[in-house]
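Participant: Structure for the following, please:
(2 chains)
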Amino acid sequence: MTKKAALSASDVHLFYGQKEALKGITLDCYENEITALIGPSGCGKSTFLRTLNRMNDLIPGVTITGNVKVNEQNIYAPNTDTVELRKKVGMVFQQPNPFPFSIYENVVFGLRLAGIKDRAVLDQAVEKSLKAAAVWDDVKDKLNESALALSGGQQQRVCIARVLAVKPDIILMDEPTSALDPVSSAKIENMMMELKQDYTIVTVTHNMQQASRISDRTAFFLNGELIEVDKTKNIFLDPKNQQTEDYISGKFG
Amino acid sequence: MDNIKAKLTVKSKSSKREMNGKIISMFCTTIIVVLVISLIGFIASKGIAIFVVDKVNIFDFLTHSVWSADKTDSQGRPLLGALPMIVGSFGVTFLATIIATPFAVAAAIFMTEISPKLGNKVLQPVIELLVGIPSVVYGFIGVSVVVPLVRKMFGGSGFGILAGTFVLFVMILPTITSMSIDALKAVPRHYREAALAVGATRWQTISRVVLKAGAPGLFTAVVFGMARAFGEALAVQMVIGNAMLLPQNLISPASTLTSVLTMNMGNTVMGTTSNNALWSLALLLLLMSLLFNSLVKFIAKKGTL
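Facilitator: Below you'll find the model as predicted:
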């Protein structure tokens, strides 16, 4: 069975000023799979993730060449509407970053942007998104309280619910559990496994055990290059590349 | 052994120096605190004399509109109603703040969100320049440009609350702007990223996240602007007309608490009724600035949740 690529990057180069941070990345991420990007600090995995919804556009002095196709559409084509793109390709960040509003207002933020005012629609979206993000039971009685009063793990799941509420096709996660304790991390990992039924997920992680637990495919980055990408099982049990093997066996990192 | 013991029990040079430093900074701090307390005490003791010695009713003082220390009412108390000055002070303060705030916040948004480069190069120096201009210069410009302009456009003498508002607007603009810039800069970058990541446009990010998250800081900026406007004396005095009458409209000559003080403080003899009356205005000004300060503290506390 050949799966369809939801996301397809080809020959992506990225420069911070003169410095080349990504040296020609070609990578497909398939529908309803979790693709994990691993590699040592500074290898370009987060930078690559941020090219997938054009978050790097915000950083001055960045130049990007190559193309990234989302549903067959090159998102670096000149007429791309980045606002529409980011609705389709949502992003969860390393640090939980809820707005200093109530939990409810956090989740409906994206819907309010779209001009949805119908209370019933919003209520329904809040319940559905929070349930999908596995945080409904924790917060259902305090939806009008500040999201900042929640624990880090709960905040992160509210942030995921905020992304889910705008119904993206693809969710990018930039080390979503690295700021969290093991229990919260496990909850988010379980949730990601659930979410992949409906979404395509690309996650950056520095935790190789996490990559091996949750991902279907793993891509190993080193110094701005994509060294190897394969089914997760193959990467961890039978890596083709010596550098991959050295990294996953802990010889460097 | 003895050598070590001796070394440990004798104070070293650097620990003596540390002690000296502590004493000096404690001394300076104490002087400042004593100075502030005695200042407040002095103004308070002088300011309440008019109510204690001359038996002026506080309620009358705040609500009556005849200010004439040498005239007395039926009970022999001097006629001292500060309402015209109170109305004048609050009038120019609120009007100037209402006009200045949108400009200041817009400039702050431009500088932090839209074009930090241009902002740092052009706007920042302009703001610093505006802060540095002495108030007498503002007043002079007010008298020679603003007052004739108001006279031409709205009639009357040109002196009045409207002219005072325009002058104060320019004077508090840099205060509110630079503090608003700080407030918006303090909004964490990740709020902006989070908003953009769920498909917000730049304007939606600014209006729905940055301004909301920065609101406590913006309020503080506005209150500081008001405090500055309320306390400004010279420039206002030059353009407001200095008539101790309840202002009938924005272009009739009026006066503020500060302008009455600067106009009259040289003309009264210490300890007389008219002198005491001025001190009571000074006390009122002091209380107002204390109020502004506590308002700022309150907002800051609420803003941090």
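
Participant: what does the stretch 101-250 of chain B have sitting close to chain A?
Facilitator: B:188, B:190-201, B:204, B:208-209, B:212-213 (Cβ under 8 Å from any Cβ of the partner chain). From N, CA and C alone the C-beta is placed, and that goes for glycine too.

Participant: Quick one, which of these are buried?
Facilitator: B:190-200, B:204, B:208-209, B:212-213 (16 or more other Cβ atoms under 10 Å in any protein chain shown).

Participant: In those residues, find the pair that's most separated.
Facilitator: Distances among these were taken as Cβ to Cβ; the most separated pair is B:Gly199 and B:Ala213, at 18.5 Å.

Participant: Where do the strands of chain B begin and end?
Facilitator: B:67-72, B:78-80 (DSSP state E).

Participant: where do the helices sit along the stretch 1-150 of chain B?
Facilitator: B:2-9, B:13-47, B:49-52, B:58-63, B:83-109, B:116-118, B:124-132, B:135-141, B:147-154 (DSSP state H, counting those that start in this stretch).

Participant: go on, the stretch 51-200 of chain A?
Facilitator: Using DSSP H, counting those that start in this stretch, helices in the stretch 51-200 of chain A cover A:82-88, A:103-107, A:109-113, A:119-132, A:136-139, A:152-165, A:182-195.

Participant: And the contacts of the last one?
Facilitator: In this structure, residues lying in contact with helix A:182-195 by Cβ atoms under 8 Å, 6 or more residues apart in numbering or on different chains are A:34, A:132-134, A:151-154, A:156-157, A:160, A:164, A:171, A:173, A:176-177, A:180, A:201, A:203, A:210, A:213-214.

Participant: redo that, cut-off 10 Å
Facilitator: A:32, A:34, A:92, A:96, A:132-135, A:138, A:151-157, A:160-161, A:164, A:171, A:173, A:176-180, A:199, A:201, A:203, A:205, A:207, A:210, A:213-215 (Cβ atoms under 10 Å, 6 or more residues apart in numbering or on different chains).

Participant: got the buried residues for that helix?
Facilitator: By 16+ other Cβ under 10 Å, the buried positions in helix A:182-195 come out as A:184-185, A:187-189, A:191-192, A:195.

Participant: next SSE after that helix?
Facilitator: Following helix A:182-195 in sequence order, the next helix or strand is strand A:200-204 (DSSP states H and E).

Participant: Next, see if that following strand gets close to chain B.
Facilitator: No: using Cβ under 10 Å from any Cβ of the partner chain, we find that strand A:200-204 stays clear of chain B, coming within 13.6 Å at best.

Participant: just the angle between that strand and helix A:182-195, please?
Facilitator: Here the directions of strand A:200-204 and helix A:182-195 differ by 150 degrees (axes from the mean of the first three to the mean of the last three Cα atoms, to 10 degrees).

Participant: How about A:Ile38: which residues does it bridge to?
Facilitator: A:Phe220 (DSSP bridges).

Participant: I figured it hits A:Arg217, correct?
Facilitator: No: the criterion here is Cβ atoms under 10 Å, and A:Ile38 misses it with A:Arg217 at 11.1 Å.

Participant: Mutual contacts of those two, please.
Facilitator: With Cβ under 10 Å, 6+ apart as the test, A:Ile38 and A:Arg217 both reach A:211, A:232, A:235.

Participant: residues in contact with the second one?
Facilitator: By Cβ under 10 Å, 6+ apart, the residues touching A:Thr232 are A:33-36, A:38, A:211-219.

Participant: Go through the residues you listed and flag which are in strands.
Facilitator: Per DSSP E, strands hold the following members of these: A:34-36, A:38, A:217-219.

Participant: Close to chain B: what parts of the stretch 101-250 of chain A are there?
Facilitator: Counting by Cβ under 10 Å from any Cβ, the stretch 101-250 of chain A sits next to chain B at A:101, A:105-106, A:109-114, A:146, A:148-149, A:159, A:162-166, A:168, A:172, A:174.

Participant: just the buried members of those?
Facilitator: Of those, these count as buried by 16+ other Cβ under 10 Å: A:101, A:105-106, A:109-111, A:113, A:146, A:159, A:162-166, A:168, A:172, A:174.

Participant: How about A:Asp198, nearest residue that isn't a chain neighbour?
Facilitator: In this structure, A:Asp198 finds its nearest non-sequential neighbour in A:Asn32, 7.6 Å apart by Cβ to Cβ, 6 or more residues apart in numbering or on different chains.

Participant: Actually, B:Leu130.
Facilitator: Nearest to B:Leu130 is B:Pro174, by Cβ to Cβ, 6+ apart, at 4.1 Å.

Participant: what's the distance between that neighbour and chain A?
Facilitator: With distances taken as Cβ to the nearest Cβ, to the nearest Å, B:Pro174 is found 27 Å from chain A.

Participant: I figured that residue hits B:Tyr138, correct?
Facilitator: No: judged on Cβ under 10 Å, B:Pro174 makes no contact with B:Tyr138 at a distance of 11.4 Å.

Participant: what touches both of those two?
Facilitator: Residues within reach of B:Pro174 and of B:Tyr138 at once, by Cβ under 10 Å, 6+ apart, are B:Leu130.

Participant: so who does the residue nearest to B:Val269 when sequence neighbours are not counted touch?
Facilitator: Distances taken as Cβ to Cβ, 6+ apart place B:Asn275 nearest to B:Val269, at 6.0 Å, with adjacent residues excluded. By Cβ under 10 Å, 6+ apart, B:Asn275 lies in contact with B:46, B:49-50, B:69, B:264-265, B:267-269.

Participant: Which of those residues scores worst on pLDDT?
Facilitator: Least confident by pLDDT among the contacts of B:Asn275: that is B:Ala69, with 78.

Participant: Touching, that one and B:Trp279? I think so.
Facilitator: No: with contacts counted by Cβ under 10 Å, B:Ala69 stays clear of B:Trp279, the gap being 11.7 Å.

Participant: what sits in contact with each of those two?
Facilitator: In contact with both B:Ala69 and B:Trp279: B:50, B:268, using Cβ under 10 Å, 6+ apart.

Participant: Quickly find the element holding A:Pro40.
Facilitator: Judged by DSSP H and E, A:Pro40 forms part of no helix or strand.

Participant: Is it correct that it is in contact with A:Asn223?
Facilitator: Yes: shown here, A:Pro40 and A:Asn223 form a contact pair, counting by Cβ under 10 Å, at 8.8 Å.

Participant: Pairing-wise in the sheet, spell out the partners of residue 67.
Facilitator: All of this is about chain A. Note on A:Asn67: beta-bridge partners by DSSP bridges are A:Ser10.

Participant: that's the wrong chain, I wanted chain B
Facilitator: B:Leu80.
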